[in-house]
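[1] Here is my input, please return the structure:
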Amino acid sequence: MELIPTDSAFLYWDQNVALDGVTYKLSFRYNNREEVYYLTIASLDGSTVYVAGLKLVSDIYLLGPYTTPPGELIAITSGNDDSPASVGDWGVRVNLYYVPQSDMIANALDPTRNPYVDENAT
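    Here you go, the predicted structure:
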């Protein structure tokens, strides 16, 4: 797993991050009413949006229905509070991690995101 640096002080920010060797633009947006962050993942130039408005809930794989990026994202909480990250939580109580596709394949973490697994094989 690779730690994705986040900033606990901002409500909105964009950052460029390399995931599986490709650089993506990650846009974090805080929703005041829900008290949770949403994430959009786009190409570096912003011309292609791969994931839009993904609610960053805690302790589950987040990219299941998406094919790009090819790995997985997970927001892992520390302590007993497993609520989603709020303002001031990133890098303190909650960290965002990326699991590269090679790790997913090697550890059979989610066969639905592993293009090398034949789900119909018996």
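[2] For the longest strand along the chain, list every residue counted as buried.
    The longest strand of the chain (DSSP state E) is strand 22-31. By 16 or more other Cβ atoms under 10 Å, the buried positions in strand 22-31 come out as 24-28, 30. Every residue, glycine included, has its C-beta placed from N, CA and C.
[3] Output the contacting helices and strands for it.
    Contacts defined by 3 or more Cβ pairs under 8 Å, 6 or more residues apart in numbering; DSSP states H and E place strand 22-31 against strand 12-19, strand 36-43.
[4] can you tell me the average pLDDT over the first one?
    Which is strand 12-19. For strand 12-19, mean pLDDT rounds to 94.
[5] coming back round to it: out of the helices and strands packed on strand 22-31, which gets nearest to Leu96?
    Closest approach to Leu96 among these is made by strand 36-43 (8.6 Å; Cβ to Cβ).
[6] Leaving out sequence neighbours, find the closest residue to the most centrally placed residue in the chain.
    Centroid check for the chain by Cα atoms, centre = their mean gives Leu73 as the closest residue, at 3.1 Å. Nearest residue to Leu73, sequence neighbours excluded (Cβ to Cβ, 6 or more residues apart in numbering): Leu62, at 4.5 Å.
[7] go on, Thr6?
    Using Cβ to Cβ, 6+ apart, the closest residue to Thr6 is Trp90 (3.7 Å).
[8] Just the pLDDT for the one you found.
    Trp90 carries a pLDDT score of 89 in this model.
[9] what about the protein, any weak spots by pLDDT?
    109-122 (pLDDT under 70).
[10] Just the strands from it, written as ranges.
    Listed in chain order, the strands of the chain (DSSP E) span 2-4, 12-19, 22-31, 36-43, 49-55, 72-77, 94-99.
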